[in-house]
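A.B. asks: Provide a 3D model corresponding to the input given below.
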Amino acid sequence: MVHAARVIPLSLVLTLLGLGLAALGGCSGPSGGDLGARVPVGQKGLVRVEIARGLGTEVAVAAYFVRHRDVDGTTAATLAGEAPVAPFGCTAPVRPPAMDELLAILPDTARVEHLDAGEITVIFEGVAVSTTPTRLPALHPWVGGVEYDEQAVEVAEPMGAPSVGSAAVLEVTVTGAGGQHIGAFETSLALPPGQPTIGRDDETGALVVRWPAGGGAAGGAADETTVTIEGPTGPVCRTTNRTGLSIPDRLLPSMHPLVVVVERLHRAPLGAPGLPGGELEIVVRDTVMAASP
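C.D. replies: Numbers count the residues shown, from 1 in each chain. Got it, this is the predicted structure:
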């Protein structure tokens, strides 16, 4: 059954498909005082699908496709609304840069144009959620074009179907209808299997978080995992370990029980006409409670 979609806040960082940065070389043309100069140009896109599991299951999707000039791909992604990525290891929560400060350091020639790839649809467990492009109010003179609203639906577990936490292989299918700038595409990717478990080290009091390694009949392994301890002091731990990590007790907040969010990210190559290169990115987000030591 297809549920009606609803708009969700930008703070819900949705990721299932990341189309990577592709350098397009230089071009010449009038641009303020640099008439005829070679202007660095790049292109980047993201379709992020997130499967959030806790008391229920929610599927969310957001997307952007941008062409940027005289600005690096990371800054262009930030201007497009992409959340900052935590460094590897355990650190305090990463805060996004202030938009006015970011705009203040851009050169006058910097431009970020949001591109049209048509309707983007995600199908998971018989449920579809779509997002369509609408005209973006210009952030003069740097950013313009179209934007995709973030959308989410709840998934009702069908009778007789394997549960989300089972060992069965679960897949997400993502399609792009194609638009003015980016052509049509379709791809599928298996989710990282199973669910994480949480415990305490009896000797050190460290929080031990583990998850299935994946591969084979169990589905795809996560390429990287981010574990966030909710609360103002974090920490946020990012790792490429395929099986788990240990967070020292000294880094854990004093609040009990701890609310632990485990986000496993899975990537795969993706090609779309008009967007050289790229990748599909899926995030499975599990929220679990850790008891007091």
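A.B. asks: residues touching residue 255, list them.
C.D. replies: Residue 255 is in contact with residue 231, counting by Cβ atoms under 8 Å, 6 or more residues apart in numbering. Where C-beta positions appear, they are placed from N, C-alpha and C, glycine not excepted.
A.B. asks: neighbouring strands of the helix or strand hosting residue 58 in the sheet, and parallel or not?
C.D. replies: Secondary structure from DSSP states H and E places residue 58 in strand 57-69. The pairing partners recorded for strand 57-69 under DSSP bridges are strand 39-53 (antiparallel), strand 111-114 (antiparallel), strand 151-154 (antiparallel).
A.B. asks: now do the same contact list for residue 59.
C.D. replies: Per Cβ under 8 Å, 6+ apart, neighbours of residue 59: 49-52, 122, 124, 127, 129, 152-155, 172.
A.B. asks: now render those residues as a markdown table, adding distance to residue 93, pLDDT and neighbour count.
C.D. replies: Below are the contacts of residue 59 laid out as a markdown table (distance: Cβ to Cβ, whole Å; pLDDT from 0 to 100; neighbours: other Cβ atoms under 10 Å):
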| residue | distance to residue 93 | pLDDT | neighbour count |
| --- | --- | --- | --- |
| 49 | 23 | 91 | 27 |
| 50 | 18 | 93 | 25 |
| 51 | 22 | 93 | 24 |
| 52 | 18 | 93 | 21 |
| 122 | 28 | 94 | 28 |
| 124 | 29 | 92 | 23 |
| 127 | 31 | 91 | 18 |
| 129 | 28 | 95 | 24 |
| 152 | 23 | 94 | 20 |
| 153 | 28 | 94 | 22 |
| 154 | 27 | 91 | 13 |
| 155 | 28 | 87 | 20 |
| 172 | 28 | 91 | 23 |
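A.B. asks: specify the beta-bridge partners of residue 145.
C.D. replies: residue 114.
A.B. asks: could you do residue 247 as well?
C.D. replies: The residues that residue 247 bridges to, once DSSP bridges is applied, are residue 207.
A.B. asks: what's the neighbour count on it?
C.D. replies: Close neighbours of residue 247, defined as other Cβ atoms under 10 Å, add up to 21.
A.B. asks: cool, the one 4 residues further on as well?
C.D. replies: By other Cβ under 10 Å, the residues close to residue 251 number 16.
A.B. asks: same thing with the one 10 residues further on?
C.D. replies: One way to gauge burial is a neighbour count; for residue 261, by other Cβ under 10 Å, it gives 17.
A.B. asks: tell me the confidence at it?
C.D. replies: Residue 261 carries a pLDDT value of 95.
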